[in-house]
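Colleague: got a predicted structure here, sequence first:
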Amino acid sequence: MNIIHLLIVDDHPIIRDGLRNMLETQRDYAEFRVYEAENEKEAIDAVANNPIDCVIMDFQLPDKKGHEITESILEINPKLKVLGLSNYDEYAYALDMLKAGARGYVLKNVGIKDLISAIEQIMDGKVYYSNDIANKLTNHKLKQLLIEEETLGSKHYSNTEEESPLSNRERQIIRLIAGELTNEEIAQKLSLSKRTVDNHRQNMLNKLQLRNTAGLVRYAYQHGLI
């Protein structure tokens, strides 16, 4: 069985207990060996003295912010996978965690299925953000993207897109989907019919084996398409 040594950093015992209980029931995925810390000192001690693989890091702690503690523990062990956890869905908080080296950010109302999915993805070297956070992050990036596209044209893509299974048109559309444009608005912007946009959206879902728009947004962010 896969064993994951996981540290929960949160100053509320009830949150730590709840997360521990949730994780310890998920033996189909892994055996979680859970450690706990409620402040920076305890977090640093836990990382320095235990074989921690993954850290669930509360953003709002009494001594320091979660992103500051994330920086400290990653200096000790750069291979740690850190998942931000917060009551706040503010873009700035998620961005602080991202800049500090966290691989994801979820809200404290996360369900066990999504929490396991988040842990699985960051352990695989990917990033994971809850739907609300992903939308805020992508919308922020989209503002700059749309400005660049107006200036440089629709062929302005990042290098990572060369590895994408999506066509140039699909990448163009997924950007606009991430910006919360409707199919009608996308069709108007790209001078296409709504039916064509509908077909592109469904083709992307099928091609990427995703279920909904939130999945497309997350895919676009994780693969550097926006």
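Modeller: Structure's in. What do you need? These numbers were taken from a predicted model, which means no experiment stands behind them. Residues are numbered from 1 along each chain as shown.
Colleague: S167: neighbour count?
Modeller: S167 has 13 neighbouring residues, counting by other CB atoms under 10 Å. The C-beta positions use only the backbone N, C-alpha and C, and glycine is treated the same way.
Colleague: measure it to G215 for me?
Modeller: Applying CB to CB, to the nearest Å, the value for S167 to G215 is 18 Å.
Colleague: can you pull out the strands in this structure?
Modeller: 3-9, 31-37, 54-58, 81-86, 104-107, 128-129 (DSSP state E).
Colleague: possible to save those as CSV with mean pLDDT, mean neighbour count and distance to T182?
Modeller: Below are the strands of the chain laid out as CSV (pLDDT from 0 to 100; neighbours: other CB atoms under 10 Å; distance: least, CB to CB, whole Å):
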stretch, mean pLDDT, mean neighbour count, distance to T182
strand 3-9, 97, 20, 40
strand 31-37, 96, 19, 41
strand 54-58, 97, 25, 36
strand 81-86, 94, 25, 30
strand 104-107, 89, 25, 26
strand 128-129, 84, 26, 23
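Colleague: in this structure, which helix or strand is least confident?
Modeller: helix 131-152 (a mean of 54; mean pLDDT, DSSP states H and E).
Colleague: tell me the domain ranges of this protein?
Modeller: Domain assignment for the chain by automatic domain parsing gives 3-128, 134-222.
Colleague: weakest of those in terms of mean pLDDT?
Modeller: Among those, domain 134-222 carries the lowest mean pLDDT, at a mean of 74.
Colleague: what residues are up against E71?
Modeller: Taking CB atoms under 8 Å, 6 or more residues apart in numbering, we find E71 in contact with 100-101.
Colleague: can you tell me how far it sits from E40?
Modeller: Per CB to CB, E71 is found 10 Å from E40.
Colleague: thinking L80 is in contact with I73, fair?
Modeller: Yes: L80 lies in contact with I73 (CB atoms under 8 Å); the separation is 6.1 Å.
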